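1. Let me see the structure of the following:
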Amino acid sequence: MRTHPARTLVELDVNGERRTVPVRAADTLLGTLRELLGLTGAKPGCEDGDCGACTVLVDGGPVKSCLVLAVEVEGRPVQTVESLDPDPVQRAFVAEHAFQCGYCTSGFVMLTQGLLHAHPGADAATRREWLRSNICRCTGYAEIERAVARAVDAAGDRPAAPVR
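-> Prediction:
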């Protein structure tokens with residue numbers, strides 16, 4: 001007979017919906033989103049916090065969900081890429097062909113959402129600084145930089161969207 005570590009029921013606010021899930025103290029937000037909630041937009045990449053493929057928003061700011069425990073975000077708003085359809089940031093990434101295999105794209109899209117929330121109208125230096133936290137192994141960053149610039153420009157043309 002196998003024993004299972006104790007699980008605690010945690011109430012998460014994911015994409016504007018309250019979800020109660022049984023988690024162990026060591027369960028990451030990434031694993032909880034993917035395995036218990038079926039939200040697979042955040043991708044497991046390095047699982048060290050280096051690549052950013054798992055980026056989601058917590059309290060409106062980007063976090064690497066592989067480094068955050070699910071219990072740490074109880075009651076705090078978590079937003080995943082699944083909540084964005086249709087979205088100007090996603091359209092900017094498509095328009096600029098800012099992806100190749102697409103594995104890292106959701107992380108970059110969520111990072112850009114956080115950038116728009118923290119720095120509406122961000123200048124090129126701020127955009128580049130924020131982009132340093134995520135890695136794309138397939139393509140150059142020129143397309144990604146153009147997509148982020150396009151998203152910032154588009155955000156300047158519309159009222160700021162509330163972070164869910």
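
2. so R19 touches L9, yeah?
-> No. R19 is beyond contact range of L9, at 10.5 Å (criterion: Cβ atoms under 8 Å). For every residue, glycine as well, the C-beta is placed using N, CA and C.

3. And those two? Which one has more around it.
-> R19 (16 against 9; other Cβ atoms under 10 Å).

4. Find the helix or strand that the more buried one is a member of.
-> Per DSSP states H and E, R19 falls inside strand 17-23.

5. And the helix or strand that comes right after that strand, what's buried?
-> Note on strand 17-23: by DSSP H and E, the next helix or strand toward the C-terminus is helix 29-31. For helix 29-31, a neighbour-count test (16 or more other Cβ atoms under 10 Å) marks L29, L30, G31 as buried.

6. going on from helix 29-31, what's the next piece of helix or strand?
-> Helices and strands here follow DSSP H and E; after helix 29-31, the next one along the chain is strand 55-58.

7. Partner strands of the following helix or strand past that following strand and their direction?
-> Later in the chain than strand 55-58, the nearest helix or strand by DSSP H and E is strand 61-64. Strand 61-64 sits in its sheet next to strand 55-58 (antiparallel), going by DSSP bridges.

8. separation between the closest residue in space to G156 that isn't next to it in sequence and E47?
-> Distance criterion Cβ to Cβ, 6 or more residues apart in numbering; nearest residue to G156, sequence neighbours excluded, is G121 at 5.6 Å. G121 sits at a distance of 34 Å from E47 (criterion: Cβ to Cβ, to the nearest Å).

9. Between those two, tell me which one has more neighbours.
-> Applying other Cβ under 10 Å to G121 and E47 shows that E47 carries more neighbours, namely 15 against 10.
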